[in-house]
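**Student:** Output the structure for:
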Amino acid sequence: TFWGEIDRQYILPEATPDEVADAVAKVHAALWKNGGCIAQCEFGAGARPENVREVFAAWDRLTVQA
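**Tutor:** Here you go, the predicted model:
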């Protein structure tokens, strides 16, 4: 399984950090079960930097063992 991206038309340029985290959680729930999911996102000039950072922070919260 591969993760294509988080919505770059709404989530990355317009969403709140909580909405970003929710979008990441949905991808995680759909694709992570048996592993094989690669975290990445494609973003353009309109993406909010804090949202791009949140994509990876949310992913880490869901997958990195403490």
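
**Student:** State the distance from residue 19 to residue 61.
**Tutor:** Computed as CB to CB, to the nearest Å, the residue 19 to residue 61 distance reads 15 Å. C-beta here means a position set from N, CA and C on the backbone, and glycine is covered the same way.

**Student:** Oh, that last question was meant for residue 37, not what I typed.
**Tutor:** 15 Å.

**Student:** out of the two, which sits in the busier spot?
**Tutor:** Taking neighbours as other CB atoms under 10 Å, residue 37 and residue 61 compare with residue 37 leading, 17 against 14.

**Student:** Show the pLDDT at that one.
**Tutor:** Note for residue 37: predicted pLDDT of 76.

**Student:** what's the neighbour count on the spatially closest residue to it that is not a sequence neighbour?
**Tutor:** Closest residue to residue 37 apart from its sequence neighbours, by CB to CB, 6 or more residues apart in numbering: residue 31 at 4.4 Å. As a burial measure, residue 31 scores 17 neighbours (other CB under 10 Å).
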